[in-house]
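Undergrad: no sequence on this one, just coordinates:
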């Protein structure tokens, strides 16, 4: 087959799905509870009707352009100063807690030495 003829084929961007949906194989062979999940997620092949039938035609009337721009990311430097101040306050509280714990230990040691 010549590749130049395959350039304009309609099926290139179509999402095919599962082949089992077309032939209904899993409906008869899998009876472990999967069939309810498959029918709910993918639809039943028996009820598909003309959903998977090939229709040759031009789809230019419902063509939509897709926005492929990247989403705007937040600035990682934003609120840096506020986070830095919060971190310093946290470190200061932790240091105060350690100092109080050390003072409590020193008092216990002094009491044990005085006995």
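TA: Done, it's in. On a predicted model such as this, the values are computed, not experimentally measured, just so you know.
Undergrad: Next, count neighbours for residue 101.
TA: Neighbourhood size, residue 101 [other CB atoms under 10 Å]: 10. In short, each C-beta sits where N, CA and C put it, glycine included.
Undergrad: So for the helix or strand containing it, mean pLDDT?
TA: Here residue 101, judged by DSSP states H and E, is contained in helix 80-114. Averaging pLDDT along helix 80-114 gives 84.
Undergrad: Please list all residues in contact with residue 65.
TA: Applying CB atoms under 8 Å, 6 or more residues apart in numbering, we find residue 65 in contact with no residue.
Undergrad: Three-state assignment for it, please.
TA: Three-state call for residue 65 (DSSP: H, G, I helix; E, B strand; the rest coil): coil.
Undergrad: Just read off the phi/psi values of residue 76.
TA: phi -70, psi -20 (degrees, to the nearest 10).
Undergrad: Please disregard the earlier target; I meant residue 66.
TA: The phi/psi pair for residue 66 (degrees, to the nearest 10) is phi -100, psi 140.
Undergrad: what's the answer for residue 74, then?
TA: Per-residue torsions, residue 74: phi -70, psi 150 (degrees, to the nearest 10).
Undergrad: what's the distance between it and residue 83?
TA: Remark: distance between residue 74 and residue 83 (CB to CB, to the nearest Å) = 13 Å.
Undergrad: So for the two, which residue has more residues nearby?
TA: Between residue 74 and residue 83, counting by other CB under 10 Å, residue 83 is the more crowded of the two (10 against 7).
Undergrad: ok, now which ones touch that one?
TA: Contacts of residue 83 (CB under 8 Å, 6+ apart): none.
Undergrad: please begin residue numbering at 24 from this point
TA: Yes, from this point I'll number from 24; that puts the last item at residue 106.
Undergrad: State the distance from it to residue 113.
TA: Taken as CB to CB, the span from residue 106 to residue 113 is 10 Å.
Undergrad: Tell me the residues that contact both of the two, please.
TA: Counting by CB under 8 Å, 6+ apart, nothing touches both residue 106 and residue 113.
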